[in-house]
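Peer 1: Provided below are the primary sequence and the corresponding predicted coordinates.
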Amino acid sequence: MANDITFRISTTRFDEDYSPSEISRATTNFANLARGEDRQQNLRNVLTMIDGRFNDLARWDNRDGNRYTLEIDIVSVDLEFGAPGDGHTFPMLEVLDLHIVDTRTGARLPGIVGNNFSSYLRDYDFSVLLPAVNDGAASFTVPEDFGDLHGKLFRHFLDSAAYRERFALPPVICISVSTTKSYERTENVHPVLGVEYRQDDGSLTDRYFGEMGLQVRYFLPPGSAAPLAFYFRGDLLNDYTNLQLIGTISTMEAFQKIYRPEIYNANAAAAATFRPSLDNPDFSRPQVDYDREERSRLALMQGTYTAEHFVEPHGDELARWAADYSVLAH
C-alpha cells in the first residue's frame, strides 16, 4: 500500500566549496560543474551568473543592482520501502531549494523548491527502457505505461508528510524547451516570466512530467534568448511571488546557458515561431565548460544501476505498490 513507502530528505549547500555526495547523480548540472581542476572557479562563475541575473530582473528599489543574493541547497530524497526490519533504501531524486537574501534589510525569504530535477529512475526509463523497447523496431515506440511508476512515486512524495513539513508550496521544475518541437509566441506577457509561448504537440518530456502530476507552460523572460519550460502543480502565475519566480529563472537560465549555450546563450532572441536547435552556430560560449557527451554516458550508467539495484530486484513489489496507489488515488 502507499503508506509502505516513505521518504527521507537531506540537504547540501551549493556554493563554491560544494562537492557531490557519493549518492548524488553525476549527471546533474551542479555535480558536473564541481569536478576537475577548475571546479571551484566553475562554481564561482555560475553563482556570479545567478546573482547577476537575479538583480537584473529585480530592478525595483535596487539602484546599484546588487541588493539580492541567492542561497541554494541541493535537496536529496531517499525512498524507503519494504517490510519493517527488512526495508530498502534507494536515492529517488534531487532538486534545488532557493532562499533569497535581501542584503539591504537582512531578510532571508523563501524561494521555490524544484528548479533542477534529477532522478535515477528517469535515467532508467529514458536511457535503458526506451532503447530496449525500440531495439530493432520499425518505428519509435513508447510503452503505454511509460513513466507510470516514476510519476506515482513523485506524486506520493509531494503528498507525503516529509514534503509538507519541509516545503510550503508545490515545486516548480524549470528546464530547456524541446529541440524536436516548434513554439509559437502568444500575446500573453507576465512582468517577470515574460512572453508566453505555446506548443500544442506535447513532447515526450511533457508527457513524462504529466505522469508526475505537473502541467507545463513556456515563457521567454525579459532579456532571455529562448523560452524556458516551467512544470508546476497549481497556478504558476499566482502561487508564487515575483522574487520567487526570479529566483527560479536566474538559477535555471544560468545552468541552461552552460548546458545548452546554442539555445540559451544565442546571440539572437527567439523569433515568433521558435524551433530550438543545438546546431545553431550563432552563440557565445559561457565561461563555464560542460561535457554533454559525458552526461549521456553517465545517464546510461546510472540507468543501468537503477535496473540492477531497484527495478529488477524489487519490480514485483513496486508493481503491487503502484496498483494499490492507483486504487487509493481513484
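Peer 2: Okay, I see it.
Peer 1: So, low pLDDT: which residues of the stretch 201-330 of the chain?
Peer 2: Confidence mapping of the stretch 201-330 of the chain against pLDDT under 70 gives the ranges 289-295, 327-330.
Peer 1: For residue 217, give me its contacts.
Peer 2: By Cβ atoms under 8 Å, 6 or more residues apart in numbering, the contact list for residue 217 reads 196, 229-230, 232, 236. C-betas here are computed from N, CA, C, even on glycine.
Peer 1: repeat that with 6 Å
Peer 2: Residue 217 makes contact with 230, 236, according to Cβ atoms under 6 Å, 6 or more residues apart in numbering.
Peer 1: Could I get the phi/psi values of it?
Peer 2: With angles defined as degrees, to the nearest 10, residue 217 sits at phi -140, psi 150.
Peer 1: Equivalent analysis for residue 117, please.
Peer 2: phi -140, psi 120.
Peer 1: what is it paired to in the beta sheet?
Peer 2: residue 95 (DSSP bridges).
Peer 1: Does it touch residue 173 like I think?
Peer 2: Yes: taking Cβ atoms under 6 Å as the definition, residue 117 is a contact partner of residue 173 at 4.6 Å.
Peer 1: Buried residues, the helix or strand residue 48 falls within. List them.
Peer 2: Taking DSSP states H and E as the criterion, residue 48 maps to helix 39-57. Buried positions in helix 39-57, judged by neighbour count with 16 or more other Cβ atoms under 10 Å: 39, 42-43, 45-47, 49-51, 53-55, 57.
Peer 1: And the residues you listed, which two are furthest apart?
Peer 2: Across those, the longest distance by Cβ to Cβ is 27.7 Å; it joins 39 and 57.
Peer 1: Distance from the helix holding residue 48 to the middle of the chain?
Peer 2: 18 Å (Cα atoms, centre = their mean, to the nearest Å).
Peer 1: Could you do stretch 238-251 as well?
Peer 2: Here the centre of stretch 238-251 is set off from its chain's centre by 15 Å, with Cα atoms, centre = their mean.
Peer 1: Any chance you could list what contacts it?
Peer 2: Here stretch 238-251 has contacts from 50, 53-54, 57-58, 70, 98, 100, 111-112, 115, 172, 174, 192, 221, using Cβ under 6 Å, 6+ apart.
Peer 1: relative orientation of the following helix or strand past the helix holding residue 48 and helix 39-57 in degrees?
Peer 2: The first helix or strand that comes after helix 39-57 along the chain, using DSSP H and E, is strand 68-81. Taking axes from the mean of the first three to the mean of the last three Cα atoms, to 10 degrees, strand 68-81 and helix 39-57 form an angle of 120 degrees between their directions.
Peer 1: so what secondary structure elements neighbour strand 68-81?
Peer 2: For strand 68-81, the helices and strands in contact under the criterion 3 or more Cβ pairs under 6 Å, 6 or more residues apart in numbering; DSSP states H and E are strand 6-13, helix 39-57, strand 88-102.
Peer 1: Residue 209: which of these is closest?
Peer 2: Using Cβ to Cβ, the nearest of those to residue 209 is strand 88-102, at 12.6 Å.
Peer 1: How far off centre is the closest one?
Peer 2: Going by Cα atoms, centre = their mean, the spacing between the C-alpha centre of strand 88-102 and its chain's C-alpha centre is 10 Å.
Peer 1: Let me know the angle separating that strand from strand 6-13.
Peer 2: 40 degrees.
Peer 1: Counting neighbours, which bits of strand 88-102 end up buried?
Peer 2: In strand 88-102, counting by 16+ other Cβ under 10 Å, buried: 90-98, 100-102.
Peer 1: Repeat that for stretch 220-228.
Peer 2: For stretch 220-228, burial by neighbour count (16+ other Cβ under 10 Å) applies to 220-221, 224-228.
Peer 1: Which parts of the protein are helices?
Peer 2: Taking DSSP state H as the criterion, the chain contains helices spanning 29-33, 39-57, 120-124, 130-134, 148-158, 161-166, 204-211, 242-259, 261-264, 292-306, 312-329.
Peer 1: would CSV of these with distance to residue 63 be doable?
Peer 2: What follows is the helices of the chain, written out as CSV (distance: least, Cβ to Cβ, whole Å):
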stretch, distance to residue 63
helix 29-33, 32
helix 39-57, 11
helix 120-124, 43
helix 130-134, 51
helix 148-158, 40
helix 161-166, 36
helix 204-211, 39
helix 242-259, 17
helix 261-264, 28
helix 292-306, 39
helix 312-329, 51
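Peer 1: closest to residue 16 out of those?
Peer 2: Set against residue 16 and scored by Cβ to Cβ, the helices of the chain come closest in helix 39-57, at 4.5 Å.
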